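# Structural data only, the sequence is not supplied:
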């Protein structure tokens, strides 16, 4: 074989040595061409294999070093922590050649390890896996701070198994697992894992490579922690500065609001200025209600004139504010955010309601709301003082006007004109009856309704109004509708006949007062009535209204008792009989019964009321008792609160 052939053969041997597929067969054939015997060929093949393994190791090492250098450069260049961790796990996956590679981060507070990044995983259960403290291979690596691997995880006995971990590993099909700790200054930051879906023995070189990448991942996590701490410190400093700035701004705004609220009291701005000032400062709709939930003022265009029905959550907040003395947040109602009760000691005057707004209310703003409520209370006390003085003046005027003594009316005309009331214009006396605790409020409402067109005041336990009116009963009905609007509390308004002069007012009031007492005895406490309708009964019972009950019982009591015992309705028949001129035929027609049926019932009534019950005098008393009993029954059927 010449030199050229020898060179060609040696080249083929070297090329085959660098190759993998069919390398040994090529080398053997080439050596046979050279005439080398079997023993020498075996030795040459062994040396070639050693050189091939070394070459493979060096190439892999070169690849690993290149990957580590790339990872090191990324540590200095990449600022996105999540992206950098993802690249590290991906690079580890490529370098290790495993099926699944993942990074679990260590939680110092709970000592749990939770999977943060994965490559090759196919199940959501594994990608979101959390390993409790002391469980599984991960906790063993974290506790020992050393690399650990198991050829078959299902046969791993050194650590404590947990079914959630075992199920996730089984679902992923993992057999062999290698885990290396991620450490920083002796503190565990996490564990980097490489796993295969077939049994595999991890070499020291593979452990070293994964450990090097784990060190890089440790730098990333430590950097992330440091950045998080710095960011947290920066955020705290910024928050402190913002808080201080907001506090200064809020304090300045509060000072301006307080000055304007004081002006509302000193300069007579009143409730509208309080509402507008607070609304402008806090960017909210402000409504001020009185103790009966009627709007006193509002920053909106139309506060309304009827009582506001407060939702339960708002009512509860007002109650809480009233007891605590501080404003209260409303939970469960989007229309109102904050309320502050308007109080003075034990007295309750109403509430300040604030809607939701863009400005977040702080402690200083809440004190401002409370200050506004206090100013509102001062305004109420101020108004009450003026109203009490006015009420006393009106009370003196009405008492002098309704007194029978002419001496008390000598200076009355001058005092009435001081209130812009001309006594000769007054023609009607109205009597308004309510419970004593509501008398002051109803008196103010009555005076407000007539708006200076008369004299209204408390007199002899009732509210008396001397007003001009062409139709007293119509005026009484209109006043009643005004007083009960938006409320369910009963009010009785009694209209007396028109008077020709103020000298008749004393007698008119006496008639109205006695009529009210008669109606009270009957249980009538709501409505608008005229005294003429009850004049016959006033003649009989005006001096002793309670006697009418005895009169009813003595006159038709047996019929009432018979109905109660036998569950009949003879009283209705008796009412229809007296209402239809004591005619059986008309009574039968009115009740839609046959005349014979009515005659039978009249016979029963005769047995109860006596043989002479249809004589004029007796029938008159029976008719009177029947009408009074009907009035009493209507009053008892009326629903009460």
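Received it, and whenever you're ready, just let me know what you need. Just so you know, these numbers come straight off a predicted model, no measurement behind them.

# tell me what the longest helix seen in the chain is packed against?
In the chain, assigned by DSSP state H, the helix with the most residues is helix 204-266. Applying 3 or more Cβ pairs under 8 Å, 6 or more residues apart in numbering; DSSP states H and E, one finds that helix 204-266 makes contact with helix 38-77, helix 81-96, strand 176-184, strand 187-196, helix 270-282, helix 363-402. Where you see a C-beta, it was placed from the backbone N, CA and C, and this is true even at glycine.

# Check which helices and strands the fifth one is in contact with.
In terms of contacts (3+ Cβ pairs under 8 Å, 6+ apart), helix 270-282 is packed against helix 204-266, strand 286-290, strand 295-298, strand 347-354, helix 363-402.

# what angle do it and strand 286-290 make?
150 degrees (axes from the mean of the first three to the mean of the last three Cα atoms, to 10 degrees).

# pLDDT on helix 270-282, on average?
The average pLDDT within helix 270-282 is 84.

# One more: the last one?
Regarding helix 363-402, the rounded mean pLDDT is 82.

# looking at this, residue 593 is in a strand?
No. Read with DSSP: H, G, I helix; E, B strand; the rest coil, residue 593 is coil and lies in no strand.

# From the structure, what's the count of residues near it?
For residue 593, the count of nearby residues is 16 (other Cβ atoms under 10 Å).

# do the one 5 residues further on as well
Here the count is done by other Cβ under 10 Å, and residue 598 has 22 residues near it.

# ok, it touching residue 588?
Yes. Using Cβ atoms under 8 Å, residue 598 is in contact with residue 588, at 4.4 Å.

# so what's residue 393 closest to, chain neighbours aside?
Distances taken as Cβ to Cβ, 6 or more residues apart in numbering put residue 419 closest to residue 393, at 7.5 Å, once the chain neighbours are dropped.

# Quick one, grab the pLDDT at the one you found.
79.

# still on that earlier bit, so for the longest helix of the chain, mean pLDDT?
Mean pLDDT, helix 204-266: 75.

# For residue 151, see how far away the residue lying closest to residue 258 once chain neighbours are set aside is.
Take residue 258 and drop its neighbours on the chain: the residue closest to it by Cβ to Cβ, 6+ apart is residue 371, 5.9 Å away. According to Cβ to Cβ, to the nearest Å, residue 371 stands 76 Å off from residue 151.

# So between those two, which is more surrounded?
residue 371 (19 against 14).

# which residues touch the more buried one?
By Cβ atoms under 8 Å, 6 or more residues apart in numbering, the contact set of residue 371 is 257-258, 261.

# element containing the residue nearest to the spatial centre of the chain?
Geometric centre of the chain, nearest residue: residue 332, 1.3 Å, by Cα atoms, centre = their mean. When elements are assigned from DSSP states H and E, residue 332 belongs to no helix and no strand.

# how about the residue lying closest to it once chain neighbours are set aside, secondary structure?
Distances taken as Cβ to Cβ, 6+ apart put residue 313 closest to residue 332, at 4.1 Å, once the chain neighbours are dropped. Following three-state DSSP, residue 313 is assigned to helix.

# what's around residue 313, how many residues?
Other residues within reach of residue 313, judged by other Cβ under 10 Å, total 16.

# Report pLDDT for it.
For residue 313, the pLDDT comes out at 91.

# Relative to residue 339, how far out is it?
If you go by Cβ to Cβ, the gap between residue 313 and residue 339 works out to 10 Å.

# shared neighbours of these two, anything?
Shared contacts of residue 313 and residue 339, defined by Cβ under 8 Å, 6+ apart, comprise residue 330.

# What residues sit buried inside stretch 581-597?
Within stretch 581-597, the residues scored as buried using 16 or more other Cβ atoms under 10 Å are 584, 586-588, 590-591, 593.

# Can you get me the centre-to-centre distance for it and its chain?
Computed by Cα atoms, centre = their mean, to the nearest Å, the chain-centroid distance of stretch 581-597 equals 62 Å.

# same question, stretch 103-111
Remark: stretch 103-111 is offset 39 Å from the chain centroid, using Cα atoms, centre = their mean.

# If you count neighbours, what's buried in it?
103-106.

# any idea of the mean pLDDT for that stretch?
In this model, stretch 103-111 has an average pLDDT of 87.

# Nearest residue to residue 294 in space, ignoring adjacent ones along the chain?
Distances taken as Cβ to Cβ, 6+ apart place residue 307 nearest to residue 294, at 5.1 Å, with adjacent residues excluded.

# which SSE is that neighbour in?
Using DSSP H and E, residue 307 sits in no helix or strand.

# So that it lines up with my notes, have the first residue be 9 from now on.
Yep, numbering from 9; the last one is residue 315 now.

# what's the distance between it and residue 545?
Counting by Cβ to Cβ - residue 315 and residue 545 are separated by 35 Å.

# Also residue 395?
38 Å.

# same thing with residue 214?
Look at residue 214 and residue 545: by Cβ to Cβ, they are 114 Å apart.

# Residue 343 now?
Taken as Cβ to Cβ, the span from residue 343 to residue 545 is 51 Å.

# Ok, residue 519 next?
Taken as Cβ to Cβ, the span from residue 519 to residue 545 is 12 Å.

# What values do phi and psi take at the residue nearest to residue 406 when sequence neighbours are not counted?
Nearest residue to residue 406, sequence neighbours excluded (Cβ to Cβ, 6+ apart): residue 465, at 3.6 Å. Residue 465 adopts backbone torsions of phi -170, psi 170, taken as degrees, to the nearest 10.

# do residue 140 as well
phi -60, psi 160.

# and it, what does it touch?
Contacts of residue 140 by Cβ under 8 Å, 6+ apart are 120, 147, 170.

# Give me the buried entries from these.
120, 147.

# Surely residue 525 forms part of a helix?
Yes. Under three-state DSSP, residue 525 falls within a helix.

# What's the local residue count around it?
If you count neighbours by other Cβ under 10 Å, residue 525 ends up with 20.

# cool, and residue 94?
Residue 94: 16 neighbours (other Cβ under 10 Å).

# isn't it right up against residue 125?
Yes. Judged on Cβ under 8 Å, residue 94 makes contact with residue 125 at a distance of 5.4 Å.

# circling back to that earlier point, biggest separation within the buried residues of stretch 589-605, which pair?
Distance extremes for these: the farthest pair is 594 and 601 at 11.6 Å, using Cβ to Cβ.

# Please enumerate the shared neighbours of those two.
Residues touching both residue 594 and residue 601 (Cβ under 8 Å, 6+ apart): there are none.

# where in the stretch 59-208 of the chain is pLDDT low?
59-88 (pLDDT under 70).

# Swap in 80 and give it another go.
Where the stretch 59-208 of the chain drops to pLDDT under 80, the residues are 59-93, 167, 193-194.
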